[in-house]
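A.B. asks: One predicted model, sequence on top.
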Amino acid sequence: MSRVLAVDDTRALRNMLADCLKRGGHDVLLASDGVEALEQLREHRPDMVITDLNMPKMNGLEFIEAARKEPAGQSLPMLLLTTETAQELKDRAKQVRATGWLTKPFDPDQILGLVDQLA
Amino acid sequence: MEEDEDYQSLFFTECHELLADLQDHLDLLSQGGGDGETVNAAFRAVHSVKGGAAAFGFDQLISFAHVFETVMDKVRSNRLELTEEIGNVLLRAGDVMEQLVENAQNGSDATPDNLKKVLSELEEIGDLDPQTATGGAAPEVVATAAAPEADTEETELLTRELVFSLTPGPDFFSSGHDPLRLFRAARAHNLIEVRATGEVPDIDAFDPDICPLSWELVFETEVPLADIRAFFEIYDATAEIRLLTEEEEPATPEVPSEPVALAEAESKPTAPTAERPPSAEPAEDQPTQQEATQQRTTVISKSLRVELARIDRLVNLVGEMLITQAGLAQRLTEDEKTEDLDLGHSVDAMSRQLRELQESVMAIRAQSVKSVFSRMPRVVRDLSDKLGKEARLELAGEHTEVDTTVIEELAEPLTHMLRNSMDHGIEGPEQRIALGKPKVGTITLSAEHRGERVIIVIEDDGQGIDRDRVLQKAVERGLVSEDEPPSPEEIDQLIFHPGFSTAAEVSSVSGRGVGMDVVKKKIQQLGGRCTVRNHPGKGASFTITLPLTLAVMDGMTITTGGQQFVLPLSSVVEAVRLENCQLRQLPDDSTLVERRGEYLKLISLRRVLGMPDGQGGNSMAIIVDTETSGLVALQVDDLIGQRQVVLKSLEANFQRVEGVSGATILGDGHVALILDIPALLTLSGGCPQPQELVH
Amino acid sequence: MTDIEMLEPSVEPDRQIDRSRQYVTFLVDDRSYGVDIKLVREIKQWSPTTGLPNQARYTRGVLNLRGTIVPVHDLRARFGGDLTNAAENHVVVIVWIGDKTVGILVDAVSDIISIATDDIRPVPPGQQTGDATIISGLVSSDEDMVALLNLDALFPFSVGGTL
């Protein structure tokens, strides 16, 4: 069982992700943008993060970049879960040292598999 | 809000894919094929649709999927045997689910007609209590364990050793990866050994962030290679992953217990382009080979999503180059002073290269016919229900590739033809038994490449075309004269005659009143042909021949009134000099041409196009097949020759012009119109039938 | 939104202050017509077109503009005059109408003028022949009067509908 932080500004999808994680028996933390996510990260030290890319205030890439500078985020598995497919964004994700890139809509089995694999 | 809708539309797209897969799996299973993985995949398809539906709150879909999933779970855990009958119920459940997805997509909460019936059938075969079954979608704990569960039960799969090497890149650790966690997780996939390779450098040169080692991971497993690759996918960005054991095709699930199945799979051509016409230069194979080896070393085969508009621009540009090149070659031959052979050779070489370039570009747009074919079983099932007939649709050659432009246009004619087969071909079950035929009829839908064209055949084992009835009807409608009875083959062709629509009156199925003439016209519009072979009592087969693309076309260039035009070669029967023909003047001022004892109406293209008469020329007659009203002789000034032309749209900057299907650019840069002969003749009153627009 | 509006010729004079636009003016039978320069893609010498069957009289056919097929309309004939006896000294103004590219055959291109939007006068009612929306406004320039064309109304099939 792991503690997973799910970040997405769309409630339906955040809930969908959270439900999926809960079904897999995980503890779920929620945030609706990068700023909230950073707070959650500092306060609750999750084992893993799954974040959306396009979000208000601080997007997923900015969040990961900031999180890598935090003690709690240095070697944390952090996945981007997004509808984007542009190569520039993927390159950027690599640059900010995202752990992986997943394309929405997600496959619950895949997400749970990855949590088991990475966290 | 918009983003929400975006996710939804993605969800819908995925649903359609899942349901198409589901249908494939169920088809396979109900015919006794498939294995545990097929059942799992079918289960997962239903489960995923339910999961998505739950996220977006499509209640009808959720509760139906829930029942469906419960039944699938029983099948998966061998608590329910998948007989053909049960397979049929599941297939119909798939159809209902598809309908529910479509309804959700259109924002309609209508209930599909047969939902209740199928739901009760599901509950019956699944031995479910209707009360709890419809109780909604309680969160479940089933899906995650799907694969391992199957492993313990389905032990017949082939176990072999797979070795992957993983070399971490500089960002591997700092991107949140941990090799220990990786190994631990890989154990779930039957990792049996890890070997480290490489050397740890001196302590001075040691960078804790950079891993100097690579690992070889040995799996001894029976799960498909794709699953192991999926496991590694997440590491792909920050580590180099190679498969060290030999590449294999995804195992075909039909005969899992026999190693033969794997060997067969391997010998199959990897890329559908390998089936391409023999005219392709041998050189074309080289990049494909390179590609294949590349795919062997990188773990996940790379694909790229490109906007169609960008590819179209490329297609256009290549088209332009072909035109320029043709112009250049023409200048060269006209210029008799040129004796520079090298220049000639270079121009020839360039022409070949351009053709290759064109073929490569077209290959990018190629799509397998599967996307259309996979919709057809449902059509047949629906019709089976409505007509009280039993029939199964068998698909073959679904992976045949055709240009996207053609794919989009195929669904409608195919649907009509299946309707026709179900309506007029396949007999009722009692009648079939009485005839000593299997109770369930078979319709085969197949596709294959032949030269530069794709051949699609729809064949049924029904009663064939009833020639007596067709002839009787044709006489009644004045299509043929009773005194001169047509040959049996000619009778068969009458079903394509626009005045002959048996469909409209026969049953509610062909309720749209669509006759085979419309199908033929549509195929003709696509530059194709449609023929029928009739085996009375045994069945009929319809063959559609289509160009592989609608972006280029074989045309015959002619001149009339000082302007060049292109006629689709597919409709040209032959070209004759008028001075060699017998002409007959009719009292109504029209002229007939004699051709092999037959009289054809001679129509002046100038007049049809509204050009002024006169000024010489008019020396040729092009015999064209109008499809709608037989052969017609088209009087033109001169014949230039045959050539492949690149189709350009008139609608892009102007509007649809009746009688003209498009335009092309000639070697000299001028525009030539591509004529739609049947439409043109209808327009000018040359043919009596009104032109129907088929989309 | 303002950017998009600037791409469309407005039927009414623009109310915003101090905005001036450039217009390409051209001649047909010594009368001046103007089109917003932003809508002009290029100007070409006349070359013979390929005729289309059963079209409006003023549609002279299509030409090849670097690989795309572009229709050419005869402005004189569009205004009810005779077909232009087109020769090499005639000019085809290639314009954008919506997302379509269309050629307009005129006698000659005369000038590029700057017009303050305030100087555009509405067309007096009853002064126009035919469709009242064809001319979007009138402007005086060097004692000459320039009629600003509303291309959408002039060649309506170019913006999506059919005639």
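C.D. replies: Noted; the coordinates are in hand. Numbers count the residues shown, from 1 in each chain, chains lettered A, B, ... in the order given.
A.B. asks: Following the chain onward from the lowest-mean-pLDDT helix or strand in chain A, which element is next?
C.D. replies: Among the helices and strands of chain A, helix A:11-23 carries the lowest confidence by mean pLDDT, DSSP states H and E, at a mean of 79. From helix A:11-23 onward toward the C-terminus, using DSSP states H and E, the following helix or strand is strand A:27-31.
A.B. asks: Tell me the residue of the stretch 451-600 of chain B that sits nearest chain A?
C.D. replies: Residue of the stretch 451-600 of chain B nearest chain A, by Cβ to the nearest Cβ: residue B:551 (25.7 Å). C-beta: built from backbone N, CA, C; applies to glycine.
A.B. asks: hang on, isn't that residue packed against residue B:361?
C.D. replies: No: applying Cβ atoms under 8 Å as the test, residue B:551 and residue B:361 come out as separate, 9.2 Å apart.
A.B. asks: Quick check: neighbours shared by those two?
C.D. replies: Counting by Cβ atoms under 8 Å, 6 or more residues apart in numbering or on different chains, the common neighbours of residue B:551 and residue B:361 are residue B:315.
A.B. asks: Which one's more surrounded, these two?
C.D. replies: Set residue B:551 next to residue B:361 and count neighbours by other Cβ atoms under 10 Å in any protein chain shown: residue B:551 wins out with 22 against 18.
A.B. asks: Return the set of residues that bridge with residue C:108.
C.D. replies: With DSSP bridges as the criterion, residue C:108 is bridged to residue C:27.
A.B. asks: Quick check, it in contact with residue C:88.
C.D. replies: No: if you go by Cβ under 8 Å, residue C:108 and residue C:88 don't touch, sitting 11.9 Å apart.
A.B. asks: quick one, which of the two is more surrounded?
C.D. replies: residue C:108 (11 against 8).
A.B. asks: Quick check, residue B:222 in contact with residue B:189.
C.D. replies: No: counting by Cβ under 8 Å, residue B:222 stays clear of residue B:189, with 10.7 Å between them.
A.B. asks: name the element the residue nearest the centre of chain A belongs to?
C.D. replies: Residue closest to the mean C-alpha point of chain A, counted by Cα atoms, centre = their mean, is residue A:50 at 1.8 Å. Using DSSP H and E, residue A:50 sits in strand A:48-51.
A.B. asks: cool, and residue B:91?
C.D. replies: Per DSSP H and E, residue B:91 falls inside helix B:84-105.
A.B. asks: And the next helix or strand past that helix?
C.D. replies: Next helix or strand after helix B:84-105 toward the C-terminus (DSSP H and E): helix B:115-125.
A.B. asks: Could you tell me which residues within that following helix count as buried?
C.D. replies: Applying a neighbour-count criterion of 16 or more other Cβ atoms under 10 Å in any protein chain shown, one finds B:115, B:118, B:119, B:121, B:122, B:123, B:125 buried in helix B:115-125.
A.B. asks: element containing whichever residue of the stretch 301-450 of chain B sits closest to chain C?
C.D. replies: Per Cβ to the nearest Cβ, residue B:320 is where the stretch 301-450 of chain B lies closest to chain C, at 4.7 Å. Using DSSP H and E, residue B:320 sits in helix B:308-334.
A.B. asks: Tell me the buried residues in that helix?
C.D. replies: For helix B:308-334, by 16+ other Cβ under 10 Å, it's B:314-316, B:318-326, B:329.
A.B. asks: which residues of chain C fall in strands?
C.D. replies: C:20-28, C:31-36, C:40-45, C:59-65, C:68-74, C:91-97, C:100-106, C:108-116, C:135-141, C:144-149 (DSSP state E).
A.B. asks: report the longest helix in chain B, please.
C.D. replies: Ordering each helix of chain B by length in residues (DSSP state H) puts helix B:2-30 first.
A.B. asks: Centre of the chain to that one, how far?
C.D. replies: From the chain centre to the centre of helix B:2-30 is a distance of 18 Å (Cα atoms, centre = their mean, to the nearest Å).
A.B. asks: okay, the angle between it and helix A:11-23?
C.D. replies: 50 degrees (axes from the mean of the first three to the mean of the last three Cα atoms, to 10 degrees).
A.B. asks: Check the average confidence over helix B:2-30, would you?
C.D. replies: The predicted model gives helix B:2-30 an average pLDDT of 74.
A.B. asks: Pull out the buried positions in it.
C.D. replies: B:3, B:7-8, B:11-12, B:14-16, B:18-30.
A.B. asks: Run a quick neighbour tally on residue B:478.
C.D. replies: When neighbours are defined as other Cβ under 10 Å, residue B:478 has 8 of them.
A.B. asks: Assumed it was part of a strand.
C.D. replies: No: under DSSP: H, G, I helix; E, B strand; the rest coil, residue B:478 falls outside any strand and is assigned coil.
A.B. asks: circling back to that earlier point, which residues does the residue nearest to the centre of chain A form beta bridges with?
C.D. replies: Here residue A:50 sits in beta bridges with residue A:6, residue A:79, going by DSSP bridges.
A.B. asks: Per-residue pLDDT of residue 96, please?
C.D. replies: Using chain A. 91.
A.B. asks: um, chain C though
C.D. replies: Residue C:96 is assigned a pLDDT of 91 by the prediction.
A.B. asks: For the strand or helix carrying residue B:194, could you pull out the residues that count as buried?
C.D. replies: Per DSSP H and E: residue B:194 is located in strand B:191-197. By 16+ other Cβ under 10 Å, the buried positions in strand B:191-197 come out as residue B:191.
A.B. asks: which secondary structure elements does that strand contact?
C.D. replies: Here strand B:191-197 touches strand B:214-221, going by 3 or more Cβ pairs under 8 Å, 6 or more residues apart in numbering or on different chains; DSSP states H and E.
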